[in-house]
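1. I would like to see how this sequence folds:
(chains A, B, C and D)
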Protein chains: 2
Amino acid sequence: MAQARVSTREVVLAAVGLFSDHGFERTTMDGIAAATGVSRRSLFRRFGSKEDILFAEHDELFATVVGYLDASPDDPLAAVRSAARMVFQGYVRDPEITLPRYHLVRAHPRLRDREVAMTARYQSAFSHYLTERAGAAFSLASGVVAASVIAAHNHVLRSWLREPGEDQETVWARFDEAMSYVSTAARPLLEPEGGSEPDRVLVAVYPSGAGNDEVLRRIGAALDPGGP
Amino acid sequence: MAQARVSTREVVLAAVGLFSDHGFERTTMDGIAAATGVSRRSLFRRFGSKEDILFAEHDELFATVVGYLDASPDDPLAAVRSAARMVFQGYVRDPEITLPRYHLVRAHPRLRDREVAMTARYQSAFSHYLTERAGAAFSLASGVVAASVIAAHNHVLRSWLREPGEDQETVWARFDEAMSYVSTAARPLLEPEGGSEPDRVLVAVYPSGAGNDEVLRRIGAALDPGGP
DNA sequence: CCCAACTCTGGCATTCAGTGCCAGGATAGA
DNA sequence: TCTATCCTGGCACTGAATGCCAGAGTTGGG
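-> All right, here's what the predicted structure looks like:
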């Protein structure tokens, strides 16, 4: 009768089902224990808290992502971009958990805070990684870049969570587009070309139809307002 | 014997003292009730939860900031920048609460999550405000800009929390510098100059010593890699 | 094969956050 | 003054979370 150990995933799926059916608050640990065959005491031991059951799978992903970053020595920004892609995939490939969790999170401020804290952990990890690679002088830039990448990630993620039935290719295209958008704007912040100290940043926005000459002309005019 | 109602601030200060002295977990609501003269039941009614006592003052600030944003029709980015300044001032002007809270937050993951959730609320408010003003087409940009402003704010805030004794002018100078840094880079994302649709963004970083000609030359080279 | 050390599990008891209910006192308005 | 309303505090209860202990299963060494 060697009852095989009930897997983490099985418990999470059962709990998510109960939460979705009867609400998070109204679901008790005793209920989850009864539904899974795992004792209440063991649930607390293995997951820590009722909330933690909802995010248990996510924690594994976080560990994976951090491990990936640690092993990525080149092109920190590209590594962070890939890491964000891993996170996004973590959601998309497991809708059975992430979709009901999304609806639960929307309904319960407490769970929302928890979700926010998760993404903040990624942001912090990204920021520290970038600072580590780019140097302490870039800690502000690293923080801003990490925040931007996370914001772009969340932007696309939310659209998928609201419309999960959409074509996978479309979703991924949107993700990559958002990542390109933010990482293009971010790269210069982390890699000033010269080694000289306090560089200046120039940002120009111009119509996509404009030729290089026109772009140069406008920038020249902006740099030298008093000129001819 | 009309016992005057104990103010929110008095309760918060007493609770912060207890938390700091005996730890957050070990401080019970009964203890806070005994220390303040407010009944345990009324504490829950007025603050909602033990955690909420720590962040009660902060909630008022949040309401103020959101009200400020709603009443700021012009130059959304400048308004957000001012809002961030208000938040920063909310911390700096009340070290009696924010400093011990910082140390508590560092020690207890749960409280840290709560703090993170607070700043996420600001970020969300900023993002929505920017999207509202700039148009739905800029929702991604709004999210990125809001995240960047918050990141810069938090960057300076953390340095103050670690070194609260520093000269006020220095602190504020650092704050304004960080805000200039991020808002300079962010403004073009929200305000493409022409009305034409999908503009392109150019970001260049160059040594502060470089003359305008040198800057133009480099940009020209970057725009036309195959050129002479 | 056997015993010992270790690990994992479940049951039990306890603490304490959080909530619903109700009664008493203060206050404002007619 | 009488009444409706609000705020407070006491009481009882649910349920999350933790410590303690005992039993079952597993591993490793002799």
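2. from the contact counts, what lies against the longest helix seen in chain A?
-> With DSSP state H applied, the helix covering the greatest number of residues in chain A is identified as helix A:109-134. Contacts of helix A:109-134 with other secondary structure elements, assessed using 3 or more CB pairs under 8 Å, 6 or more residues apart in numbering or on different chains; DSSP states H and E, are made with helix A:50-54, helix A:56-70, helix A:76-92, helix A:95-107, helix A:139-162, helix B:109-134. From N, CA and C alone the C-beta is placed, and that goes for glycine too.
3. tell me which residues of it are tucked away?
-> Within helix A:109-134, the residues scored as buried using 16 or more other CB atoms under 10 Å in any protein chain shown are A:111-123, A:125-131, A:133-134.
4. and that helix, anywhere near DNA strand C?
-> No: Helix A:109-134 does not reach DNA strand C (CB under 7 Å from any atom of the strand); its nearest approach is 8.9 Å.
5. report whether that helix contacts DNA strand D.
-> No: remark: helix A:109-134 sits outside contact range of DNA strand D, by CB under 7 Å from any atom of the strand, the gap being at least 9.8 Å.
6. wait, A:G90 touches A:D59, no?
-> No: counting by CB atoms under 8 Å, no contact exists between A:G90 and A:D59, whose distance comes to 10.9 Å.
7. ok, those two, which is more surrounded?
-> For A:G90 and A:D59, the more surrounded residue by other CB atoms under 10 Å in any protein chain shown is A:G90, and the numbers stand at 18 against 15.
8. so where's chain A shaky on pLDDT?
-> For chain A, the stretches flagged by pLDDT under 70 are A:1-4, A:192-228.
9. and the residue of it closest to DNA strand C?
-> Distances between chain A and DNA strand C by CB to the nearest atom of the strand are smallest at A:S42, namely 2.8 Å.
10. list the buried residues for the host helix or strand of that residue?
-> Assigned by DSSP states H and E, A:S42 belongs to helix A:40-47. Within helix A:40-47, the residues that qualify as buried by neighbour count (16+ other CB under 10 Å) are A:43, A:47.
11. also stretch A:150-161?
-> Of the residues in stretch A:150-161, those with enough neighbours to count as buried (16+ other CB under 10 Å) are A:150-157, A:159-161.
12. how far off centre is it?
-> Centroid separation between stretch A:150-161 and its chain, computed with CA atoms, centre = their mean, to the nearest Å, is 8 Å.
13. before we move on, what about stretch A:132-150?
-> Taking the mean of its C-alpha atoms, stretch A:132-150 sits 15 Å from the chain's own mean (CA atoms, centre = their mean).
14. domains in chain A, by residue range?
-> What automatic domain parsing lists as the domains of chain A is A:8-52, A:55-190.
15. just name the most buried of these.
-> Per residue and on average, the most neighbours among the domains of chain A fall to domain A:55-190, with a mean of 18 (mean count of other CB atoms under 10 Å in any protein chain shown).
16. quick revisit: the longest helix of chain A vs helix B:139-162, what angle?
-> Angle, helix A:109-134 to helix B:139-162, by axes from the mean of the first three to the mean of the last three CA atoms, to 10 degrees: 80 degrees.
17. relative to helix A:56-70, how tilted is helix A:109-134?
-> Using the same axes, to 10 degrees, the inter-axis angle of helix A:109-134 relative to helix A:56-70 is 10 degrees.
18. around DNA strand C, which positions in chain A sit nearby?
-> Counting by CB under 7 Å from any atom of the strand, chain A comes close to DNA strand C at A:5, A:37-42, A:45-46.
19. now those residues in JSON lines, with distance to B:A71?
-> Compiled in JSON lines, the residues of chain A next to DNA strand C are given as follows (distance: CB to CB, whole Å):
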{"residue": "A:R5", "distance to B:A71": "58"}
{"residue": "A:G37", "distance to B:A71": "57"}
{"residue": "A:V38", "distance to B:A71": "54"}
{"residue": "A:S39", "distance to B:A71": "56"}
{"residue": "A:R40", "distance to B:A71": "51"}
{"residue": "A:R41", "distance to B:A71": "54"}
{"residue": "A:S42", "distance to B:A71": "54"}
{"residue": "A:R45", "distance to B:A71": "52"}
{"residue": "A:R46", "distance to B:A71": "50"}
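20. can you give me every residue that contacts the nearest residue to A:L140 once chain neighbours are set aside?
-> With CB to CB, 6 or more residues apart in numbering or on different chains as the criterion, A:L140 has its nearest non-adjacent residue at 5.0 Å, and that residue is B:H155. By CB atoms under 8 Å, 6 or more residues apart in numbering or on different chains, the residues touching B:H155 are A:139-140, A:143-144, B:178.
21. could you do A:H103 as well?
-> Counting by CB under 8 Å, 6+ apart, A:H103 makes contact with A:S20.
22. how far away is it from chain B?
-> Taking CB to the nearest CB, to the nearest Å as the measure, A:H103 falls 18 Å from chain B.
23. right, and the helices and strands packed on helix A:109-134 - which one's nearest B:D21?
-> When the helices and strands packed on helix A:109-134 are compared by CB to CB, helix B:109-134 sits nearest B:D21, at 15.9 Å.
24. ok and that closest one relative to helix B:95-107, angle-wise?
-> With the same axes, to 10 degrees as the basis, helix B:109-134 and helix B:95-107 are set at 110 degrees to each other.
25. please tell me how far helix B:109-134 is from the chain's geometric centre.
-> The offset between the C-alpha centroid of helix B:109-134 and the centroid of the whole chain comes to 8 Å, using CA atoms, centre = their mean.
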